[in-house]
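S.K.: sequence and predicted structure are below.
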Amino acid sequence: MDDKTPASDDLGATEREIITTRLEKAEALRALGVNPFGNGVTPRHLAADLHARYGDAPVEEIGRAPGAWSVAGRVLALRSFGKAAFLKVRDRSGELQVWVKKDKVGEKGFEIFKLLDVGDLVAAEGPATRTRTGELTLEAAHFTILTKATRPLPEKWHGLTDVEQRYRQRYVDLVVTPGVREVFVKRARMVSGIRRFLDARGYLEVETPTLHKAEEAGGATARPFETHHNALGLDLKLRIATELHLKRLIVGGFDRVYEIGRIWRNEGIDRRHNPEFTSIEFYQAYATHDDLMQLTEELCRGLAVEVTGGQVITFQGQDIDFTPPFPRVSMLGEAARALGLTADQALSGRGLAEALARAAGGLSDKAEAWKLAQAGGKTPGEAVAVAFEVLCEPKLPVDRPVFVVDFPLETSPLSRRRDADPRLVDRFELFAAGMELANAFSELNDPADQRARFEAQVKAKVAGDEEAMPFDEDYVRALEHGMPPTAGEGIGIDRLAMLLTDSPSIRDVILFPLLKPRE
RNA sequence: GAGGCGCUAGCUCAAUGGUAGAGCAUUGGCCUUUUAAGCCAGUGGCUGUGGGUUCAAGUCCCACGCGCCUCACCA
């Protein structure tokens, strides 16, 4: 095979033939004076412009004002009849049928057309009409090929069904798989909706470092990626959260800040986890976690309406009603109840180990039972969190988003203690469809308390907890300068996008999800 | 990290352990109102990779690779 064919050794004969033929057509186009990879052609219209102009107008009405339209896009289907053909052309706005006829486009235009393959990018100009089958159509007076596609698209009817290939070759997936493009359009609309929502409330969008020194890589419980700066000879970690820097900015006087950005966690991959994902964190001074609950309800309802058109969305067959207020479920209360204890007994640890063992004995799932029994050796707060996760989380309502409230102190190293009960913190998590979507709390701004919490984290790390936070001395120093009473929240953008686009896997809402290299 | 399932033509899929097939695409021919266009005739394969069992392996066994699902970890 000649040296113009890409990676010839890897090609089967069929594919080689297709590519070779298309490259020959590209040469033939050059012979006709058409650059098969030219540029400088700007269409004056979009497919949607014609649909908007004519709507359902009958052919006679279109004929009275057929216009002079100019569009460009990718050919998705080609039905040819010798001296005429119908093309399905798609641009960023939608699809439009283009009718190429020899007597309209002329000898040369038709010579160009004969070198067309499905997948090529073309430009067409001419009046609008409606064909006998009723489809709005651009009847080409001028036709040319702008870009020769040298590889074929997948089969027109079934498209690409191999999910691995869809993720690895997203450019093909976007062209041929119905709905994929819409998912990412919706995701973009969702993100811009969040920006508008917060901007309208006086928030400032900021950007904080993604390269963290070892002591900065906290703000969440997760294992970071490690990297290295050559010139500084400095080991660095990729951020696992934006939290600590954003709160430094609250100290600095930006009373309302948010950051939408990529974070990285060096952990497993599954339907709900990608190693890099996008979070939004926002912090509001002079607010409490109660204020943020209301804000979250308004935000989620608004996004549901904006992206799906209604307050009741459907996720994998399950209706979820985003009409506020969302139900509140007490982590402490429900966990204690499931254990047959009072809240005070659970928090003080009285009879807790026995209750955990009893509950574990009643479980058929051995892994879950083990997890529960192990919790007996932890602090009461940690045990309550485990008991809730094992015994209560599966029973959360499925037809509403749910706020889980009343978190124990021990699992919340950055949260402010509750005034009424310092064993608890003013924190909530938002759950929907079995996923944690958001996590928020009134922020701890007492530097001495924060110092103690960090010390506890360091102790846990020494004891083998790989996800415990490092001691961020500079963050404590910032608090010593005085952080106003503040509430903050983080939302998983990807998971919210899954929900609002009814996508079962996080890979369906990430354009290029991480996959192992082939071979 | 563990278990289950999958991997055959460019794409979508077939094939009791016995000569690897079809549709679409592609190539050639016919066709100026089609909607997965149609008709005729062709081309196209190291069956994910490497071992093994067998007279014979796409098929059975082992290992590996990649993916998906479930679980663990996690948001």
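M.R.: Noted; the coordinates are in hand.
S.K.: for the residue nearest to A:I493 when sequence neighbours are not counted, list each beta-bridge partner.
M.R.: Counting by C-beta to C-beta, 6 or more residues apart in numbering, A:I493 lies nearest to A:T278, which is 4.1 Å off, once chain neighbours are set aside. For every residue, glycine as well, the C-beta is placed using N, CA and C. Using DSSP bridges, the beta-bridge partners of A:T278 come out as A:R262.
S.K.: which parts of the stretch 151-300 of chain A are strands?
M.R.: A:204-205, A:211-212, A:226-229, A:234-238, A:256-264, A:276-285 (DSSP state E, counting those that start in this stretch).
S.K.: swap that for the stretch 1-150 of chain A, please
M.R.: Going by DSSP E, counting those that start in this stretch, the stretch 1-150 of chain A shows strands at A:69-80, A:84-91, A:94-101, A:121-126, A:128-130, A:136-139, A:142-147.
S.K.: next, the residues that contact the fifth one from outside, please.
M.R.: Taking contacts as C-beta atoms under 8 Å, 6 or more residues apart in numbering, the residues outside strand A:128-130 that touch it are A:50, A:53-54, A:57-59, A:62-63, A:66-67, A:69, A:99, A:136-139.
S.K.: over to the last one?
M.R.: Judged by C-beta under 8 Å, 6+ apart, the contacts made with strand A:142-147 from elsewhere in the structure are A:29, A:34, A:36-39, A:41, A:72, A:98, A:100, A:105, A:109, A:112-113, A:115-116, A:120-126.
S.K.: try the longest one
M.R.: Residues from elsewhere that reach strand A:69-80, judged by C-beta under 8 Å, 6+ apart: A:41, A:43-47, A:49-50, A:85-91, A:95-96, A:98, A:116-128, A:138, A:146, A:153, A:156, A:175-176.
S.K.: kindly recompute the last result at 6 Å.
M.R.: For strand A:69-80, the external contacting residues (C-beta atoms under 6 Å, 6 or more residues apart in numbering) are A:43-45, A:50, A:86-91, A:118, A:120-125, A:128, A:138.
S.K.: paired strands for it, with orientation please.
M.R.: Short version: by DSSP bridges, strand A:69-80 pairs with strand A:84-91 (antiparallel), strand A:121-126 (antiparallel).
S.K.: tell me the secondary structure for A:P513?
M.R.: coil (DSSP: H, G, I helix; E, B strand; the rest coil).
S.K.: the residue nearest to it when sequence neighbours are not counted in helix, strand or coil?
M.R.: Take A:P513 and drop its neighbours on the chain: the residue closest to it by C-beta to C-beta, 6+ apart is A:R507, 3.9 Å away. Secondary structure assignment for A:R507 (three-state DSSP): helix.
S.K.: mind checking how far A:R507 is from A:R170?
M.R.: 10 Å (C-beta to C-beta, to the nearest Å).
S.K.: more neighbours, the two?
M.R.: A:R507 (21 against 17; other C-beta atoms under 10 Å).
S.K.: what residues does the stretch 401-519 of chain A put near RNA strand B?
M.R.: Taking C-beta under 7 Å from any atom of the strand as the criterion, the stretch 401-519 of chain A approaches RNA strand B at residues A:435-437, A:439, A:467, A:492, A:494-495, A:504-507, A:513, A:515-519.
S.K.: show me where the stretch 401-519 of chain A has its helices.
M.R.: With DSSP state H, counting those that start in this stretch as the criterion, the stretch 401-519 of chain A has helices at A:447-462, A:473-480, A:493-501.
S.K.: list the helices and strands the last one packs on?
M.R.: Spelled out, that is helix A:493-501. The contact analysis (3 or more C-beta pairs under 6 Å, 6 or more residues apart in numbering; DSSP states H and E) places helix A:493-501 against helix A:180-199, strand A:276-285, strand A:435-442.
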